[in-house]
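*Asks:* Below is the sequence, then the predicted model.
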Amino acid sequence: MLQKSASTKYLGVLLDNKLNWADHINKTVEKTNKRTGLMERLARSKRGSTQDTLKVNYNVYVKPIMKLMKQTIKQTQDTLEQPRTMP
């Protein structure tokens, strides 16, 4: 028997029972904040990371998440702006 849940992940996107993206956006922001927080701690530590190391970490761990979210939002906007035709 299937259990009813408030949200589910489908093809990497977290959707609630009304097909709303709010949970997905919140999770993505949370993930990005954790990763940028880690980078901030690395930058402030006494031994710290070099600027080059921080840049590489940003490009590997933070930028892809933000880029994917930007593309997803853009595609959604484009889809919603297209005129709908009746079959």
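*Replies:* Arrived safely. Numbering: from 1, shown residues only.
*Asks:* what about Thr8, which helix or strand?
*Replies:* strand 7-10 (DSSP states H and E).
*Asks:* Quick check: next helix or strand after that strand?
*Replies:* Counting by DSSP H and E, the next helix or strand C-terminal to strand 7-10 is strand 13-16.
*Asks:* contacting residues for Asn17?
*Replies:* Applying CB atoms under 8 Å, 6 or more residues apart in numbering, we find Asn17 in contact with Lys4, Ser5, Ala6, Ser7. For the C-beta atoms, the positions are set from N, CA and C on the backbone; glycine is no exception.
*Asks:* The residue sitting nearest the centre point of the chain and Ala6, how far apart?
*Replies:* The residue lying closest to the centre of the chain (CA atoms, centre = their mean) is Thr28, at 3.2 Å. Using CB to CB, to the nearest Å, Thr28 is found at 17 Å from Ala6.
*Asks:* Equivalent analysis for Gln77, please.
*Replies:* 26 Å.
*Asks:* about what we covered before: kindly indicate the member of the contacts of Asn17 with the most neighbours.
*Replies:* Ser7 (15 neighbours; other CB atoms under 10 Å).
*Asks:* Next one: it, what pLDDT does it get?
*Replies:* For Ser7, the pLDDT comes out at 81.
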